[in-house]
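In: This is the structure alone, sequence omitted:
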């Protein structure tokens, strides 16, 4: 399974919607008849974070797409649709691929997800988690 995670494509002043961008990525993935998208998940984050753009939610797309192809498609859609003219908009992308026969690093992910919902996290902590598990990532702006 490949999971495409995106966040922060919207702007308080200029609009856009991360849910819309996720749907655009999923639709683009589905254009390949051999690829399926099993679900799109809205992930609510800490609503008290002062640097949020609007609702403070991220999106996850579950697919069977090759992770390199999923990364390419998601990055292209993020670059095309994100409102990066707003200095507060710093879109990010993480693509995580797991062999179905191997265990997902659930403890690591659960701890990080739990903290993201309740606390303030450092960019360096997210980058370390990405590196530790060999995921691919991309961001514009400061990466927040």
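Out: The structure has been received and is ready for your questions. Everything numeric here is computed off the predicted structure, so don't read it as measured data.

In: rest of the way, CA atoms for contacts and neighbours
Out: Noted.

In: List the contacts of the helix or strand bottoming out on mean pLDDT in the chain.
Out: Least confident helix or strand of the chain, by mean pLDDT, DSSP states H and E, is helix 106-118 with a mean of 80. Here helix 106-118 makes contact (Cα atoms under 8 Å, 6 or more residues apart in numbering) with 44-46, 121, 129.

In: List the buried residues in the helix or strand following that helix.
Out: Of the helices and strands lying after helix 106-118 in sequence (DSSP states H and E), the nearest is helix 123-133. Residues of helix 123-133 classed as buried: residue 130 (neighbour count, 16 or more other Cα atoms under 10 Å).

In: what's the helix or strand following helix 123-133 packed up against?
Out: Following helix 123-133 in sequence order, the next helix or strand is strand 136-139 (DSSP H and E). With contacts taken as 3 or more Cα pairs under 8 Å, 6 or more residues apart in numbering; DSSP states H and E, strand 136-139 sits against strand 92-97.

In: List the pairing partners of the strand it packs on within its sheet, with orientation.
Out: Strand 92-97 sits in its sheet next to strand 2-7 (antiparallel), strand 136-139 (antiparallel), going by DSSP bridges.

In: which ones are touching the residue nearest to residue 44 when sequence neighbours are not counted?
Out: Spatially, and ignoring its direct neighbours in sequence, residue 44 is nearest to residue 57 (4.4 Å; Cα to Cα, 6 or more residues apart in numbering). Residues in contact with residue 57 (Cα under 8 Å, 6+ apart) are 7, 42-45.

In: Model confidence at residue 57, what's the number?
Out: We have a pLDDT of 74 for residue 57.

In: Centre of the chain to the least confident helix or strand of the chain, how far?
Out: 15 Å (Cα atoms, centre = their mean, to the nearest Å).

In: can you give me the angle it makes with helix 123-133?
Out: Orientation of helix 106-118 against helix 123-133 (axes from the mean of the first three to the mean of the last three Cα atoms, to 10 degrees) gives an angle of 160 degrees.

In: Which positions within helix 106-118 qualify as buried?
Out: 112, 116-117.

In: By neighbour count, which of the contacts of helix 106-118 wins?
Out: residue 45 (20 neighbours; other Cα atoms under 10 Å).
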